[in-house]
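Structure for this input, please:
(chains A and B, ligands or ions: 2)
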There are 2 protein chains.
Amino acid sequence: MATPSMEDYLEQIWLKSAATGEARVSDIAEALEVLPSSVTKMARKLDREGYLVYERYKGLILTSKGEAFGRKLAGRHELLERFLRLIGVDETHVYNDVEGIEHHLSWDAIDRITELVHVLERNPAMLDQLERYRAADRADEERER
Amino acid sequence: MATPSMEDYLEQIWLKSAATGEARVSDIAEALEVLPSSVTKMARKLDREGYLVYERYKGLILTSKGEAFGRKLAGRHELLERFLRLIGVDETHVYNDVEGIEHHLSWDAIDRITELVHVLERNPAMLDQLERYRAADRADEERER
Ligand SMILES: [Mn+2]
Ligand SMILES: [Mn+2]
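Ligands and ions are numbered 1, 2, ... in the order given. Reported below is the predicted structural model:
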């Protein structure tokens, strides 16, 4: 990952807290591949902005504001992975593509993609059609080689 | 736009060349909101890599390699705008969302979104369903206020 953004930090802190009940500076540093000092710097900023409480030697405790926003960010990541898998993007690209785009889409676009995913998931015929189309595209590519 | 990438430059050079038959340093600087010196710096790099020929006081002339790649980049931008409009993203977000995400998606994802756009465009019933879903979502939001 390039330099993680504030959203990347909050997302990871929420994921760790949800999974294990706590988020430690060292865990977040490892997850985001940054130095612990970068985590404590961001933790102080997130503390000042009311997303969490950071005390040295304790962990990072999300406030209800941080909890709600972290959940929203993690949900956005998950939605975008679901969308890319649904339309047939190869598993080897899904995670990196989502990491690349998630912070650059408006919430309007996220809401519209949410609706699209719901509608597609309720339309197996539509997904079949998409898959046949994809198979035809791939056959064309083979022929061109 | 944040600092434009090499792809942003090639995309703009292709667009200008396609529209007016030539791409001048000053036009590209204006389109990307950068200094002309940034354009000439990138032009030398693109020249070295075989995408265009750059001579001072002349314009930027795409090679066939640059022409093909520029067309591909401009096509990707256009596809993503089409996709976001199709699913109902508000016009005020479309351009910025695309500028934000276009360089961060794998070509695999671009190919799959291309297929999705084709299938959706041939399925007015599907688009209707999406629109009804969107209208219901918006009614819910109104009610929550
Ligand atoms: Mn993420
Ligand atoms: Mn673009």
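
and the residue nearest to residue A:61 when sequence neighbours are not counted, how far is that from residue A:14?
Among residues not flanking residue A:61 along the chain, residue A:53 sits closest, at 4.6 Å (Cβ to Cβ, 6 or more residues apart in numbering or on different chains). Placement of C-beta: from N, CA and C, glycine included. From residue A:53 across to residue A:14, the span is 14 Å (Cβ to Cβ, to the nearest Å).

of these two, who's got more company?
For the pair residue A:53 and residue A:14, the greater number of neighbours falls to residue A:14 (24 against 15), based on other Cβ atoms under 10 Å in any protein chain shown.

The more buried one: what secondary structure?
helix (DSSP: H, G, I helix; E, B strand; the rest coil).

these two touch, right, the residue nearest to residue A:61 and residue A:46?
No - using Cβ atoms under 8 Å, residue A:53 is not in contact with residue A:46; the gap is 9.4 Å.

Show me the common contact partners of these two, please.
Taking Cβ atoms under 8 Å, 6 or more residues apart in numbering or on different chains as the contact rule, residue A:53 and residue A:46 both touch residue A:60.

pLDDT on stretch A:36-45, on average?
Mean pLDDT, stretch A:36-45: 95.

And for stretch A:120-138?
Here stretch A:120-138 scores 88 as its mean pLDDT.

Can you tell me the element residue A:26 falls in?
Per DSSP states H and E: residue A:26 is located in helix A:25-32.

tell me which strands and helices that helix is in contact with?
Contacts defined by 3 or more Cβ pairs under 8 Å, 6 or more residues apart in numbering or on different chains; DSSP states H and E place helix A:25-32 against helix A:6-20, helix A:36-48.

continuing past the top helix by length along chain A, what's the next helix or strand?
As assigned by DSSP state H, the longest helix anywhere in chain A is helix A:64-86. Later in the chain than helix A:64-86, the nearest helix or strand by DSSP H and E is helix A:91-101.

hang on, the earlier thing: so what touches the helix holding residue A:26?
A:1, A:4, A:8-9, A:12-13, A:15-16, A:35-36, A:38-40, A:43, A:59-60.

Need the buried ones from those residues selected in PyMOL.
Remark: buried members of the contacts of helix A:25-32, expressed as a PyMOL selection using 16 or more other Cβ atoms under 10 Å in any protein chain shown:
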select buried, chain A and resi 4+8+9+12+13+15+16+38+39+40+43+59+60
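
Among the contacts of helix A:25-32, which one sits closest to chain B?
Distance to chain B across the contacts of helix A:25-32 (Cβ to the nearest Cβ) is lowest for residue A:1, with 11.5 Å.

so who does residue A:84 touch?
For residue A:84, counting by Cβ under 8 Å, 6+ apart, the contacting residues are A:93-94, A:97-98, B:109, B:112.

of all the residues you listed, which two lie farthest apart?
Greatest spacing in the contacts of residue A:84, by Cβ to Cβ: A:98 and B:112 (13.6 Å).

Contact residues of chain A facing chain B?
Contact residues, chain A versus chain B (Cβ under 8 Å from any Cβ of the partner chain): A:84, A:87-90, A:93, A:96-97, A:100-101, A:103-106, A:108-109, A:111-113, A:115-116, A:118-119, A:123, A:126, A:129-130, A:133-134, A:137.
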